[in-house]
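Asks: Provided below are the primary sequence and the corresponding predicted coordinates.
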Amino acid sequence: MSEFLRSYLVVAIFGGLGVLLVGVLLSLASIFRPHKPNPDKLKNYESGVDPAGDMWSQANIRYYVFALLFVLFDVEAVFIFPWATRLEVLGLFGLIEMAIFVFILLLGLMYAWRKGMLKWV
């Protein structure tokens, strides 16, 4: 057997042992855990309020847009941090590229602000 295939065999053995270990531990947990069925355990429960009425409800789209804007501006840090750590190497070119990037983000922020998407209603 070649060294290449032997390395894959090691990975397959460890993967199989991992799956076997998970199966054994889940089986042991199902044997030793307490089992006390109760109809109240099957009820939906959220934030201390008992469910009432229809399960489906319309949510305001503004909340989703607000969350997407948060993700957008949060991911910006993923790009700015490596740039800041390598600023000396990138020089003027890196500074101009980051200025363009931040300008595009500011345009998006101004657009969201003018459309009223940042108001939490």
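Replies: Ah, there it is. These figures come from a predicted structure and were not determined experimentally.

Asks: could you list the domains of this protein?
Replies: Split into domains by automatic domain parsing, the chain comes to 1-34, 60-121.

Asks: and the longest one, how far out from the chain's middle?
Replies: Domain 60-121 sits 18 Å away from the centroid of its parent chain (C-alpha atoms, centre = their mean, to the nearest Å).

Asks: how about residue 86, phi and psi?
Replies: Main-chain dihedrals, residue 86, degrees, to the nearest 10: phi -120, psi 30.

Asks: any idea how far the residue most central in space within the chain lies from residue 111?
Replies: When C-alpha atoms, centre = their mean is applied to the chain, the residue found nearest the centroid is residue 71 (9.6 Å). Distance of residue 71 to residue 111, given as C-beta to C-beta, to the nearest Å: 16 Å. For glycine as for every other residue, the C-beta is placed from the backbone atoms N, C-alpha and C.

Asks: ditto for residue 57
Replies: Distance from residue 57 to residue 111, by C-beta to C-beta: 29 Å.
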